[in-house]
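Chemist: Got a sequence here, can you build the structure:
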Amino acid sequence: MKLFNRAMLIVVLFTASCVTQQKMPKYLEGATNESIDKQTPFPELIIQKNDQLAIQVYSDYIPKEANTDQLYNQPLPGGGGATGGGATASNTSTSGYLVDGEGNIDFPRLGKIHAEGLTKKQLGAEIKKRLTTPVELLKNPTVLIRFQTYKIITLGEFTTPQVLNIPTEKVNIFEAISMAGGITEWGRKDEVKVIREQDGKREMGVVNLSSADVFASPYYYLRQNDILLVDPISDKAKAKDEARTLSRFTFATSIVSTAAVIVSIILSVGRK
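Modeler: Purely as a prediction, here's the structure:
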């Protein structure tokens, strides 16, 4: 009977361990140095609605004159910086310029500027153009733009699914997954979904993290507001039930074994 119980335990252990191993490929499975040595172009980020932009304007000005740059910049936190005679944008604050529902920003003294669909470089060129033509408002202006809201949403089989606030403007899919604690043992590494909004339309791409082809994917580098979704393997519920059954079986077996040892000791002492 004891031999039978041990045999059953081995069978259950083998079955439970094989469920996830057969269904779950590894990261970059079978990848070689040659297969991953690929140039992955980093696409310029496209400005979207509800993005928050930090924009600063600098120019060549004569020190004896007023610093006219301040007329085209938001007030600095703590009260620093001129407000341009009280002319501030209705949808701006010290936290940046919000791209509104129509894709515009409201820039001090320049009015509404369409930003949606442009890169930072293109928006900077448009602001510079308005500062120099038809009237030269600033001399040799320089426009610096940064995204203040760069977030990635992780859902599904992550250890800690959450909204990731990215401090830089460049993040790849492996970095984002790591920031979310990695994919759980039940997650499909070979079928990670990336939901992205472009030009007012949503699209979904599928990335296979077990293949070196991930480096050539247009979803390798993530964009602001991308959603990462990892589905569980189809046998997750079955595997969890088997794991619970195994746990109970192991517990019961340990109790029986312990009782058998105690009985054996008692009988041995009784014979003496």
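Chemist: just the helices in the stretch 51-200 of the chain please.
Modeler: 120-132, 173-179 (DSSP state H, counting those that start in this stretch).
Chemist: From the centre of the chain outward, give me the first residue you hit.
Modeler: The centre of the chain sits closest to residue 152, judged by CA atoms, centre = their mean, with a distance of 3.5 Å.
Chemist: show me what contacts the closest residue to it other than its chain neighbours?
Modeler: If the residues on either side of it in the chain are set aside, residue 152 comes closest to residue 164, at 4.4 Å by CB to CB, 6 or more residues apart in numbering. (C-beta placed from N, C-alpha, C; glycine too.) By CB atoms under 8 Å, 6 or more residues apart in numbering, residue 164 lies in contact with 151, 152, 153, 154, 176, 179, 180.
Chemist: Pick out the least confidently modelled helix or strand of the chain, by mean pLDDT.
Modeler: The helix or strand of the chain with the lowest confidence, counting by mean pLDDT, DSSP states H and E, is strand 92-93 at a mean of 42.
Chemist: so where's the stretch 151-272 of the chain shaky on pLDDT?
Modeler: In the prediction, the stretch 151-272 of the chain carries residues with pLDDT under 70 at positions 236-249, 251-252, 256, 259-260, 263, 267-272.
Chemist: From residue 173, how far off is residue 68?
Modeler: In this structure, residue 68 and residue 173 are separated by 44 Å, where distance is defined by CB to CB, to the nearest Å.
Chemist: Between these two, point out the one with more neighbours.
Modeler: Taking neighbours as other CB atoms under 10 Å, residue 68 and residue 173 compare with residue 173 leading, 21 against 17.
Chemist: Surely that one and residue 222 touch.
Modeler: Yes. The criterion here is CB atoms under 8 Å, and residue 173 meets it with residue 222 at 6.1 Å.
Chemist: picking up where we left off before, quick one: the helices of the stretch 51-200 of the chain as TSV, columns for distance to residue 113 too.
Modeler: Output for the helices of the stretch 51-200 of the chain, formatted as TSV (distance: least, CB to CB, whole Å):
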stretch	distance to residue 113
helix 120-132	6
helix 173-179	31
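Chemist: For residue 200, find the nearest of those helices.
Modeler: Ranking the helices of the stretch 51-200 of the chain by proximity to residue 200 (CB to CB) places helix 120-132 first, at 17.5 Å.
Chemist: Mind giving me the packing neighbours of the closest one?
Modeler: Taking 3 or more CB pairs under 8 Å, 6 or more residues apart in numbering; DSSP states H and E as contact, the helices and strands that helix 120-132 lies on are strand 52-60, strand 111-114, strand 139-147.
Chemist: and the longest strand for this protein?
Modeler: strand 187-198 (DSSP state E).
Chemist: which of the residues in that strand are buried?
Modeler: Within strand 187-198, the residues that count as buried by 16 or more other CB atoms under 10 Å are 187, 188, 189, 190, 191, 192, 193, 194, 195, 196, 197.
Chemist: Looking at the residues you listed, which is nearest residue 96?
Modeler: The closest of the buried residues of strand 187-198 to residue 96 turns out to be residue 197 (CB to CB; 19.9 Å).
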